[in-house]
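Chemist: build the 3D model from these lines:
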Amino acid sequence: MQMEWSDGKKRCCWANPKNERYIRYHDEEWGVPVYDDGKLFEMLVLECFQAGLSWECVLNKREAFRAAFDGFDLEAVCAYGEDKVEALIHDPGIIRNRLKIQAAVTNARAFREIRGEYGSFAGYLWHWTAGKVVCESGLTHSELSDRISKDLKKRGMKFVGTTVIYAYLQAVGVIYSHDEGCFLERKTVV
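Modeler: Alright, predicted model coming up:
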C-alpha cells in the first residue's frame, strides 16, 4: 500500500517519507543493477550489519561506516587485525557489534577469494542469473537467495543468511522488487 507523497510520486511502502536520505536511496539506488566490485562490497558489508535491524538505521550511519571502514577499500578491510576491530567496536558512529565487525573482515577476505576465482565479484554474483535481472516482489527470500547464501557460507562468509542475501540482491539490482503502484515498478527490466 502506497501513500501520497508531496512530489506526487507513489513509492514502495517501506520508504520513509520523512527521511530524505531514505527517499533518495529508494529513488536512485535500490534495485539499480550494480557491476562495480567496490559498490558490491560496500553493500554486502552494510546488508550484513543490517541483519536484525532496520535498513533505515544502517543507511543513516552509512557515511560513518564509510569513514570507519576506510571507504570500504577491500584490501584495507582484508588487512584489519584485532587492534582495528577493537577500534571499530568503540566507534560511536557505527553499529558496534563485535560479531558483525569480525564478519566484515572475514567476508572481505572471502569476497577477495571469489573475485580472484571469477575475475570479479560481479562476475560471481551475476552468474547466478546468467546476467539477467529477476523481477519479483513481496518476498523475503527465494530459491536464488537460498542457493547464493548456501554458497557464500560454504566459502566462509558470516551473516549471509538467505534473508540478508535476498535484501542484498534487491539492493544491488539482481532482483528488482519495487512494489506494485510504485513509480519505479517494472514487470520486466530492459
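Chemist: stretch 68-85 spans what distance, first to last residue?
Modeler: 10 Å (C-alpha to C-alpha, to the nearest Å).
Chemist: go on, stretch 134-150?
Modeler: One end of stretch 134-150 sits 19 Å from the other (C-alpha to C-alpha).
Chemist: got the contact list for that stretch?
Modeler: By C-beta atoms under 8 Å, 6 or more residues apart in numbering, the surrounding residues in contact with stretch 134-150 are 125, 128-129, 160-167, 169, 174-180, 186-189. C-betas here are computed from N, CA, C, even on glycine.
Chemist: now that stretch: mean pLDDT?
Modeler: For stretch 134-150, mean pLDDT rounds to 96.
Chemist: flag every buried residue along that stretch.
Modeler: 134, 141-142, 144-145, 148-149 (16 or more other C-beta atoms under 10 Å).
Chemist: since we're on residue 185, how many residues are nearby?
Modeler: By the criterion of other C-beta atoms under 10 Å, residue 185 has 18 neighbours.
Chemist: helix or strand right after the longest helix seen in the chain?
Modeler: For the chain, the helix that runs over the most residues, judged by DSSP state H, is helix 98-118. Following helix 98-118 in sequence order, the next helix or strand is helix 121-127 (DSSP states H and E).
Chemist: got the CA coordinates for that following helix in PDB?
Modeler: Extracted in PDB, the C-alpha atoms of helix 121-127 (Å, rounded to 0.1, in the frame of the first residue of the first chain):
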ATOM      1  CA  PHE A 121      32.700 -10.400  -7.500                       C
ATOM      2  CA  ALA A 122      30.200  -9.000 -10.000                       C
ATOM      3  CA  GLY A 123      31.000 -11.900 -12.300                       C
ATOM      4  CA  TYR A 124      30.300 -14.300  -9.500                       C
ATOM      5  CA  LEU A 125      27.100 -12.600  -8.400                       C
ATOM      6  CA  TRP A 126      25.600 -12.200 -11.800                       C
ATOM      7  CA  HIS A 127      26.500 -15.700 -13.000                       C
END
